[in-house]
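A.B. asks: got a predicted model here, sequence first, then my questions.
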Amino acid sequence: MPANIRVEVAYALPEKQYLQRVTLDEGATVEQAIIASGLLALRDDIDLAKTSWVSTVVR
């Protein structure tokens, strides 16, 4: 059974901030965390297919 990780997904604009904690299986991607957070349901201007992932998060 994979271990769980807890992460916080944060999104901030000058007029609105969003912070959601989610629990995922170890090895989950940033994209999976964003989807699990529900942020995409709140922000229709975010398109993960057009997002450029430019760096790897190091533990």
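C.D. replies: In hand now; what should we look at?
A.B. asks: the chain: helices as residue ranges?
C.D. replies: All helices of the chain, identified by DSSP state H, fall at 30-37, 39-42.
A.B. asks: mean neighbour count, distance to residue 10 and mean pLDDT for those - can I get that in JSON lines?
C.D. replies: (C-beta placed from N, C-alpha, C; glycine too.) Shown next, in JSON lines, are these (neighbours: other CB atoms under 10 Å; distance: least, CB to CB, whole Å; pLDDT from 0 to 100):
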{"stretch": "helix 30-37", "mean neighbour count": "16", "distance to residue 10": "9", "mean pLDDT": "94"}
{"stretch": "helix 39-42", "mean neighbour count": "13", "distance to residue 10": "9", "mean pLDDT": "93"}
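A.B. asks: can you tell which of those is closest to residue 16?
C.D. replies: helix 39-42 (9.2 Å; CB to CB).
A.B. asks: mind jotting down where the strands sit in the protein?
C.D. replies: 4-13, 16-25 (DSSP state E).
A.B. asks: between those strands, which one is nearest to residue 47?
C.D. replies: With CB to CB, the closest approach to residue 47 among the strands of the chain belongs to strand 4-13: 13.7 Å.
A.B. asks: strand partners of the closest one, parallel vs antiparallel please.
C.D. replies: Strand pairing for strand 4-13, determined by DSSP bridges: strand 16-25 (antiparallel).
A.B. asks: put the alpha carbons of stretch 23-43 into CSV.
C.D. replies: What follows is stretch 23-43, C-alpha atoms only, in CSV (Å, rounded to 0.1, in the frame of the first residue of the first chain):
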residue,chain,number,x,y,z
THR,A,23,-4.0,14.1,0.6
LEU,A,24,-2.6,12.0,-2.2
ASP,A,25,-0.7,8.8,-2.8
GLU,A,26,3.0,9.2,-2.5
GLY,A,27,4.4,9.8,-6.0
ALA,A,28,1.4,11.9,-7.1
THR,A,29,2.2,14.7,-9.5
VAL,A,30,1.6,18.4,-9.2
GLU,A,31,-1.1,18.2,-11.8
GLN,A,32,-2.9,15.5,-9.8
ALA,A,33,-2.7,17.7,-6.7
ILE,A,34,-4.2,20.7,-8.6
ILE,A,35,-7.0,18.5,-9.9
ALA,A,36,-7.7,17.0,-6.4
SER,A,37,-7.8,20.5,-4.9
GLY,A,38,-10.9,21.5,-6.9
LEU,A,39,-9.2,24.6,-8.1
LEU,A,40,-10.1,23.9,-11.7
ALA,A,41,-13.8,23.9,-10.9
LEU,A,42,-13.4,27.5,-9.5
ARG,A,43,-11.1,28.9,-12.1
